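Colleague: Sharing a sequence plus its predicted fold:
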Amino acid sequence: QGPVCTNLGLKPGQRLTVKGKISPNAKSFVMNLGKDATLLGLHFNPRFDAHGDVNTIVCNSKKVEEWGAEHRETVFPFQKGGTAEITFAVNQNDVTIHLPGHQFTFPNRLNLSVLDYFDTQGDFTLQSLSWE
């Protein structure tokens, strides 16, 4: 478990940029955005080799203990031992995830008006967080 941020206050039109280092022997890492640890609007989980997925980004949402349907992206711009810069742009109805050379959106399934919570877990060391 990496750092946890609360009271972020991210609203539609704002962006959160995360920079960090991926472990040389990484299996997967996670970034969560939501209201708190029990209401996750976006669970962002790049998997190098975990849970039967190889080089796949799995996204989901979680309401208390209930996960939604998994969304898979096969574009995988991450490298073990490399650095990563990921920007989450918050829109009214979804979040646009900007990766190196690729972007995709994930719907705001929980209709959260503000994203207050962010955490990272797994094989990723957070170097900087910025929002605008």
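Modeller: Thanks, I have the structure now.

Colleague: residue ranges for the helices of this protein, please.
Modeller: Per DSSP state H, the chain has no helices. Nothing in it meets that criterion.

Colleague: Distance from the chain centre to the helix or strand of it with the lowest mean pLDDT, please.
Modeller: Every helix and strand in the chain was compared by mean pLDDT, DSSP states H and E; the lowest is strand 4-5, with a mean of 93. Between the centre of strand 4-5 and the centre of its chain there are 13 Å (C-alpha atoms, centre = their mean, to the nearest Å).

Colleague: again, but for stretch 17-24
Modeller: 12 Å.

Colleague: likewise stretch 21-40?
Modeller: 6 Å.

Colleague: Where do the strands of the protein begin and end?
Modeller: Per DSSP state E, the chain carries strands over the ranges 4-5, 15-22, 29-36, 39-50, 53-63, 66-67, 71-73, 83-90, 94-99, 102-107, 117-122, 124-131.

Colleague: For the ones you listed, could you give me a markdown table that also reports mean neighbour count?
Modeller: (Each C-beta comes from the backbone N, C-alpha and C, glycine too.) Shown next, in a markdown table, are the strands of the chain (neighbours: other C-beta atoms under 10 Å):
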| stretch | mean neighbour count |
| --- | --- |
| strand 4-5 | 14 |
| strand 15-22 | 17 |
| strand 29-36 | 21 |
| strand 39-50 | 22 |
| strand 53-63 | 18 |
| strand 66-67 | 9 |
| strand 71-73 | 15 |
| strand 83-90 | 18 |
| strand 94-99 | 18 |
| strand 102-107 | 15 |
| strand 117-122 | 20 |
| strand 124-131 | 14 |
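
Colleague: Report the contact partners of the residue nearest to Gln103 when sequence neighbours are not counted.
Modeller: Nearest non-adjacent residue to Gln103, counting by C-beta to C-beta, 6 or more residues apart in numbering: Thr96, 5.9 Å away. Thr96 is in contact with Phe88, Ala89, Gln103, Phe104, Thr105, counting by C-beta atoms under 8 Å, 6 or more residues apart in numbering.
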